[in-house]
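# Sharing a model prediction with you, sequence too.
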Amino acid sequence: MAKTADIIKYEGDNKTFVWKHPCEDFNNLTQLIVHESQEAIFFMNGQALDVFSAGRYTLETENLPLLGKMLNRTTGKISPFHCEVYFINKTIQMAIKWGVGNVGYMEPTYNFPLVIGAGGELILKVENGKKLLLKLVGTENLLLQEKLVAYFRGILSTKVKSVLAKTIKKEKINIFEIDENLEELSENLLPLLKPEFEEYGLSLERFLVDRIIKPEDNEKFQKFETLHFRQYADITDAKIRQQVDIIDEQTKAQKMLIESQALATKRVQEGYTYQQERSFDVASDVAKNEASGQFTNMGIGLGTMASVGGAVGGVLTQAMGNLNNTQPQEISCVNCGIKLPNSARFCYVCGNQIKSTTPIKKVCNNCGADLPNSSKFCLQCGTKVE
């Protein structure tokens, strides 16, 4: 039955590709309004007669009011002139979800069979509304994003599975590094899928792979994942320990350098050299030796000391000489050859008088002070010396 309709315009939303206006068999001179990024297709008696772009139009139909009343009486109030309008939304349809599963292939790095899934988003735009309407929509009143993706699910599944498996194999993409290659996978899929959509009047603007679904519960996958992680973790750990060791050695070397510079500055300030310092140390060690007066006990002589170096030998020889002067030495009796103390005046074997090389000292009977042999009075208390 013809319905009075003053204005026909689009009343769908942006997620709708094709929307059929509910008013059919409208009267002559009905106003058609088409907005920007839309087009309207006018059907009469099952044929697409005109495609209207953005603008305001007056529709001329055979459903004239008076003629319609007369015809309706003979056709049971059903108009013999059927007309309808479909609106095509030509805005870019963003963030349309897609997904596939059971993509099987041989992992190229570790060479084990693997089954993964993939998902992402695609961006579509209607390029030829009439072709879309005739080839895909037919007589349905509505075409939404979900229904469109359902139409192409088989195509997507076949193409995406094939391209994913081939690309991963060709590029030898490691499953544990595959997320780094999502952009490359997307670029490979786009040109292969474009013709499939163009056949239905659609333009595939972008095709994005934003996730790879890995078999996290698979024991074999977990095993290789651990090996892959250890491969890099162990190397990184070794590098870190090596760097720490180098830093420690550099710190020790720097500390030693600072201490050496401080010691060198100290020597300059106190007026002695390293060789002299070593001579002092050697002489000090020798002085501490209880048998330093007996060179045979030490296993060294003044000649050996002299070979240490000019400065060291000289200082050490002087120190040893001073030590020898303070220690008792033996002399021999010129008559019988017996060894006698250095202070002996007569040989206790043959009674021969000994000429001592060491001056005999006197001792004060009053205060016990040591006095020269020629002393007649004490240098300390003035007592007369016997």
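Structure received.
# Can you point out the helix or strand that includes the residue positioned nearest the centre of the chain?
For the chain, the residue sitting closest to the mean C-alpha position, by Cα atoms, centre = their mean, is T236 at 9.0 Å. Secondary structure assigned from DSSP states H and E places T236 in helix 219-270.
# Report the distance from that helix to the chain centre.
If you compare the mean C-alpha spot of helix 219-270 with that of the full chain, they lie 18 Å apart, counting by Cα atoms, centre = their mean, to the nearest Å.
# Pass me the low-pLDDT residue ranges in the stretch 1-150 of the chain, would you?
Low-confidence segments of the stretch 1-150 of the chain, defined by pLDDT under 70: 1-5, 61-81.
# how about a cut-off of 50?
Low-confidence segments of the stretch 1-150 of the chain (pLDDT under 50): 1-3, 63-78.
# next one: the stretch 151-300 of the chain
For the stretch 151-300 of the chain, residues meeting the criterion pLDDT under 50 lie at 291-300.
# Now stretch 104-119 - C-alpha only, CSV.
Included here for stretch 104-119 are C-alpha records, laid out as CSV according to Å, rounded to 0.1, in the frame of the first residue of the first chain:
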residue,chain,number,x,y,z
GLY,A,104,49.7,-24.5,12.1
TYR,A,105,53.4,-24.4,11.0
MET,A,106,56.9,-25.6,11.8
GLU,A,107,58.7,-23.1,14.1
PRO,A,108,61.8,-22.1,12.1
THR,A,109,64.2,-21.4,15.0
TYR,A,110,63.7,-24.4,17.2
ASN,A,111,62.1,-26.7,14.5
PHE,A,112,59.0,-27.9,16.4
PRO,A,113,55.4,-28.0,15.2
LEU,A,114,53.3,-25.1,16.5
VAL,A,115,49.7,-24.0,16.4
ILE,A,116,48.9,-20.3,17.0
GLY,A,117,46.1,-17.8,16.5
ALA,A,118,46.0,-14.3,15.3
GLY,A,119,43.7,-11.3,15.6
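# quick one: contacts of that stretch?
Here stretch 104-119 makes contact (Cβ atoms under 8 Å, 6 or more residues apart in numbering) with 97-103, 160, 164-165, 168-169, 172-175, 209-215, 220-221, 224, 227-228. Bear in mind the C-beta positions are built from the backbone N, C-alpha and C, glycine included.
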